[in-house]
Structure formats: structure tokens, C-alpha cells
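Colleague: fold the following, please.
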Amino acid sequence: MKNLARSRRVSVLLGVAICTLVAMSLAAAVLDSQTLKPQEAQQMAHATGKMRTICVGRFLIDMPESAEINLTQPRIGGFEISTFNETEAEFQKRVIERESQIRKTPDWRGGDANLESTREVKTSSGLVGKIFIHSRTVVEGTQGNGLGKVERYRHEGISTEALVHGHGISIDLFYENRALELVDDLPTLVNQLVANPDNRIPSEPGFCIDRAYVRDPLSADQGEQIMMFARLPKHPDVKFTFISAAGLKPDTRGVLARNDAVNASLPWAERMRVSRLRGAGREIDGIQDEELVELVVEDNDAHVHSFWWEVNGTEDNLFVPHVVLQMNTGNGNRVPVPSSLSNRVALGLWDKILSNLRLRTKPAALNKATASTTLLAMPASTDERCLTSKKRSCNDVATSTISAPPT
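Modeller: Presented below is the predicted three-dimensional model:
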């Protein structure tokens, strides 16, 4: 039994040693070589080819033209935003059905006043549609005040929702259980929306989402955020992730310190499977933060890469949000697969994409644009004044129109 245990231990150690030597040799090849071999140059050309520029939030990023891009999970001011292709007839039918659905839903008392306000929408960018204020929530009760007395409390919220359409694109915005005094945030945001069917690079400052963008001005406390996922059809194991989120409190530790903490918690044998190729600060377009590049030998001996660049961000600066750009190779169907890119090609592709990441507009450009930006008129309906005053007797549905001022 002792010999068997010793044999297993030697086998494990030998396996770790081999993995370590392989990782070290591959790391050295990446770090020391400045030129690509002919076969690698061909692979690099196939992987990149012609590049195209994508607008993601406030950033521009150049991706291979063949890359499949998915911009997802945009949020501004707490509103969930979704965009999709839809004909005008389909849109109008959906608006009618949605209004009917809201009306049929019982209100918080069990009555028929669930829909509290509507607004017709017509913006200068060509969007039309409707805003619904509905589904009030009321929580009442008693609680101790810490001084030996019992006090009553009452918390109210309401859902704000917009369905708008223009140029073949529908844009839905939704915020559940919104504070009553903030109901006018939605009309303001709708006025700033611009449909962008072909995802062209906007000529004015703002925040890009899929098939649309939001004109400035926006503020950091609105917490604008978006994610991009991308993959290369000819290299399905290679995947990209880009995250931009403004107004977040910065982490006290950067990606390098967090990664060191994770590695330190791993067993020695696992740590030996990870080789750090890069780990230092790296400035991109005037933004300084940290880059981490690792080569990993998986349990099935697949050699994969992990690339990570992260900006910790600021709470009060739209132009320095929390940003993460990742590229990973070796993504298989539930199990790692060997990277389809050689070490030099993977590093070259990463450098080509990361080095061209840039802000679309600078703060100076935003200040100039803001001075000449006029939001559309937003007359408040009678019922909305009831909402902000928290009166429960205002149950008739009021309507108003958001329209551009006369020219």
C-alpha cells in the first residue's frame, strides 16, 4: 500500500512538472518572440482580416469584421432597455395589447385603476409611442422607532414603462416600483433616444446601445451600463467580453491583487498550471489601469489563454467608468479545448484589439454639445401631479403628448 501511495504521488508530481515546463516554455515563446512564423502570420490574418468599429456605450472598439457581436443588458437610470426590429403595424398592435393588459390587471386595492397615467410620445428624432404609469405598490405597517414607541410607515412605488418606435426599430424601457417623485425621469430619457438601425457611429455625444443611442446629457449617477459579447466563427473557442458601467464605487483592489488572492487560495498543484505572461499597469487612450494575461494548462492538458484589462473606474465621471475587456481561448462545450490560436497569434490579436479601444467623445466635446442641447417639451398631466403628491383619490387615467417644440 505504501508503494502504491508513493507511486501515485510521484505520478502527480511528474504530471505537474511536465505541465509547468510546458507552460514555461510557451510563456517564453510568447514573451521573447517579436515576429510571427509564416504559418502564424497566416493564422493572424485569418483571425483578424478586415476590422470594423463597434460603438459600445461611450467607447469605440475595433473587432474582426467576421466577429458575431451581441450588445446586451443596457441600463440607464435604473431603466431596463430592450431594442429590436419591428414593423410599425406590429408595434401599434403590441401597444394596444400592452395597454389592455395593464388595464385588466387589478390595482393594489383589487380595483380597476391599475393604469394611472398615459402619455403619447413624439420626439424630434422620429420616435412615436406611449408611456404608461401603472401598478402602484403600497406597503403599510408599524415598526418600533428605537425610542420605545411604535410608528406607522407607508412606502409607495409605481412602474414606469415606455414603448416607442421609429425607423423600423422598437425600444422598450421599464422600471418596476419607481419612487413616485421620479416619474418624470422616463419622459426625459425617452426624449434623448435615437433609433440607429445599422449601428452607425453617432455624430453627436451620447451612449450607444444596440440599434439605438441615448443623446447626452447624462450623469454618472444614472449608472449607464452595457455589455458586449463577441465570438469568431472560424475560431469558436475564442470569446470576448466587454463591460462598461458608470457611477460604481471603485473596488479597493485591482484585477492583479484580486487574481493574486485567488491563486494563493489554490492548491500548489493547481497554481503550477497557471503561468502569468503579463501583469502590470497598461494605459489605453489615456486611461491607466491593469492588464493580466495568463496561460493555463487545464486538467485535460488543454492549453488555453486568459486576457483581462480592467479599469476600476470612478463614481462621478462618465468618461472613466468601470471597464472590463476580456478575451479567452479554449472555450469548448462544457469542457476546455486546446486553443485554436497559437500563443503568439492570441497575444497579437489581443494587442490589436486592446490598443485601439478608445472613448468616442471627450469631456470637452460633451460640454460644447450640452450647451446647445434642448430637450423636448414635457407637459405634466393632471394625474402625474397626483402621483407626485401621493394622493390616492386621483384614479382617472390622464393623457398628454410629448412633442417637439415649434421650429
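Colleague: hang on, Arg98 in a helix?
Modeller: Yes - applying DSSP: H, G, I helix; E, B strand; the rest coil, one finds Arg98 inside a helix.
Colleague: once you drop chain neighbours, what's closest to it?
Modeller: Leu163 (6.3 Å; CB to CB, 6 or more residues apart in numbering). Glycine gets a C-beta too; all of them are placed from N, C-alpha and C.
Colleague: quick one, what contacts that neighbour?
Modeller: Shown in contact with Leu163 (CB atoms under 8 Å, 6 or more residues apart in numbering): Phe91, Arg94, Val95, Arg98, Gly129, Lys130, Phe132, Ser170, Ile171, Asp172.
Colleague: now, those residues that are in strands?
Modeller: For those, the ones inside strands are Gly129, Lys130, Phe132, Ser170, Ile171, Asp172, with DSSP state E as the criterion.
Colleague: and which of these is nearest Arg103?
Modeller: Closest approach between those and Arg103, by CB to CB: Phe132, at 9.7 Å.
Colleague: which strand residues sit across from that closest one in the sheet?
Modeller: As for beta bridges, Phe132 partners with Thr118, Glu161 under DSSP bridges.
Colleague: can you count the residues close to Val139?
Modeller: Using other CB atoms under 10 Å, Val139 has 11 neighbouring residues.
Colleague: what's the helix or strand for the residue nearest to it when sequence neighbours are not counted?
Modeller: Closest residue in space to Val139, ignoring its immediate chain neighbours: His155 at 4.5 Å, by CB to CB, 6+ apart. If you go by DSSP states H and E, His155 is part of strand 150-166.
Colleague: can you check the pLDDT for the residue nearest to Arg98?
Modeller: Model confidence at Leu163, given as pLDDT, is 98.
Colleague: also the one 10 residues further on?
Modeller: Listed pLDDT for Leu173 reads 98.
Colleague: around it, how many other residues sit close by?
Modeller: Applying other CB under 10 Å, we find 24 other residues in the vicinity of Leu173.
Colleague: then Thr137?
Modeller: A total of 14 residues lie near Thr137 under the criterion other CB under 10 Å.
Colleague: just how off-centre is the strand or helix carrying it within its chain?
Modeller: Using DSSP H and E, Thr137 sits within strand 128-144. With CA atoms, centre = their mean, to the nearest Å as the basis, strand 128-144 stands 27 Å off its chain's centre.
Colleague: show me what it is packed against.
Modeller: The contact analysis (3 or more CB pairs under 8 Å, 6 or more residues apart in numbering; DSSP states H and E) places strand 128-144 against helix 88-104, strand 115-122, strand 150-166, helix 185-191, helix 382-389.
Colleague: okay, now the unreliable bits of the chain?
Modeller: Low-confidence segments of the chain (pLDDT under 70): 1-35, 364-407.
Colleague: need the residue closest to the centroid of it.
Modeller: Ile226 (2.1 Å; CA atoms, centre = their mean).
Colleague: from Val304, how far off is that one?
Modeller: Noted for Ile226: a distance of 27 Å to Val304, by CB to CB, to the nearest Å.
Colleague: with Ile131 instead?
Modeller: Applying CB to CB, the value for Ile131 to Val304 is 48 Å.
Colleague: repeat for Glu294
Modeller: Taken as CB to CB, the spacing of Glu294 relative to Val304 amounts to 9 Å.
Colleague: tell me the domain boundaries of this structure?
Modeller: Following automatic domain parsing, one gets these domains for the chain: 2-71+224-364, 85-193+375-402.
Colleague: now do the first one: distance to the chain's middle.
Modeller: In other words, domain 2-71+224-364. Averaging C-alpha positions (CA atoms, centre = their mean) puts domain 2-71+224-364 18 Å from its chain's average.
Colleague: could you number the chain from 29 rather than 1 from now on?
Modeller: Yes, from this point I'll number from 29; that puts the last item at domain 30-99+252-392.
Colleague: buried residues, stretch 109-127. List them.
Modeller: Of all the residues in stretch 109-127, those buried under the rule 16 or more other CB atoms under 10 Å are Ile109, Thr111, Glu114, Phe119, Gln120, Arg122, Val123, Arg126, Glu127.
Colleague: how about stretch 135-148?
Modeller: By neighbour count, with 16+ other CB under 10 Å as the criterion, the buried positions of stretch 135-148 are Asp135, Ala141, Asn142, Leu143, Glu144, Ser145, Thr146, Arg147.
Colleague: quick check: the residue nearest to Val167 touching Val166?
Modeller: Yes - counting by CB atoms under 8 Å, His183 does reach Val166; the two are 7.4 Å apart.
Colleague: more neighbours, those two?
Modeller: Val166 (14 against 11).
Colleague: show me where the stretch 279-428 of the chain has strands.
Modeller: Read by DSSP state E, counting those that start in this stretch, the stretch 279-428 of the chain holds these strands, from start to end of the chain: 302-312, 315-325, 331-339, 350-356, 386-387, 426-430.
Colleague: of the ones you listed, which approaches Leu377 most closely?
Modeller: strand 350-356 (7.4 Å).
Colleague: list the helices and strands that closest one packs on?
Modeller: Using 3+ CB pairs under 8 Å, 6+ apart as the contact criterion, the elements in contact with strand 350-356 are strand 263-273, strand 331-339, helix 371-383.
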